[in-house]
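In: no sequence for this one, just the structure:
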């Protein structure tokens, strides 16, 4: 598959169908492999709040940061749930939702694609953030929410540019901003650990972040080339196929890194 040249429409539709099936298979295998091969290791999800600091001798009440552990699932179950969710969604696009999905793609407004990427990329970024020490539930949900907003803006950009002759850039630019915000906590944790910490993260944190970052950059570039009308990128089916190809590659790289890093 050449991601820089567009084959006939019929071929593109067939490749899109195959990529959805491949995504479902890769995600399902990654989920099963996570359950079988990963070491048992719990991760804490906490809720941060302020509490009285009993160590301070003061006539006034002094508050200090505190946290409460809400639940502590094993990491492999969290990862398996992420991949099972994306496997089910990809399978639905390839089967029960295929006719409706094909209509939206042909119309140049693929809401299903943006939803798939929003769910899978958001959950993988949250998981990587957990490995980087970000375990506050509200922070993690904000990361996921910002990725979801980013993909909604991508969908809005598609709707605005499905018919007009000149490109509308506002939604795309806004999506770059919200996407960058979603990366803020992870990048901050990585920088703080590198600059002030006495220890460093394991190699897998940097590898997972790099794999996801490359995927996000590819999404942004492909959307830019589409809006700018670059050669084959004018064809929405061509763009759809390449988005799905990057999604599959990102999930495969993510799964392989985690399994190598945490193999029993």
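Out: Perfect, I can see it now. From a predicted model like this one, the values you see are computed outputs, not experimental measurements.
In: chain center to whichever helix in the chain runs longest, what's the gap?
Out: Taking DSSP state H as the criterion, the chain has its longest helix at helix 9-37. Here helix 9-37 shows a centroid-to-chain-centroid distance of 16 Å under the convention Cα atoms, centre = their mean, to the nearest Å.
In: average pLDDT across that helix?
Out: The average pLDDT within helix 9-37 is 92.
In: okay, buried residues for that helix please.
Out: For helix 9-37, a neighbour-count test (16 or more other Cβ atoms under 10 Å) marks 12-13, 15-17, 19-20, 22-24, 26-28, 30-31, 33-34 as buried. For every residue, glycine as well, the C-beta is placed using N, CA and C.
In: list the buried residues of the following helix or strand past it.
Out: Next in sequence after helix 9-37, counting helices and strands by DSSP states H and E, comes strand 45-52. Using 16+ other Cβ under 10 Å as the test for burial, strand 45-52 gives 45-46.
In: ok, stretch 252-263 next?
Out: Judged by neighbour count (16+ other Cβ under 10 Å), stretch 252-263 contains these buried residues: 252-255, 257-259, 261-262.
In: tell me how far it is from the chain's mean position?
Out: Relative to the mean C-alpha coordinate of its chain, stretch 252-263 is positioned 16 Å out (Cα atoms, centre = their mean).
In: what's in contact with that stretch?
Out: With contact meaning Cβ atoms under 8 Å, 6 or more residues apart in numbering, stretch 252-263 is reached by 26, 29-30, 33-34, 37-39, 41, 75-76, 79, 83, 124, 202-204, 207-208, 211-212.
In: rerun at 7 Å
Out: Defining contact as Cβ atoms under 7 Å, 6 or more residues apart in numbering, one finds that stretch 252-263 is touched by 26, 30, 33, 37-39, 79, 83, 124, 202, 204, 207-208, 211.
In: tell me the one of the buried residues of stretch 252-263 nearest residue 217?
Out: Proximity of the buried residues of stretch 252-263 to residue 217 was ranked by Cβ to Cβ; the top entry is residue 253 with 13.7 Å.
In: and the closest one, helix, strand or coil?
Out: helix (DSSP: H, G, I helix; E, B strand; the rest coil).
In: ok, it to residue 63 distance?
Out: 43 Å (Cβ to Cβ, to the nearest Å).
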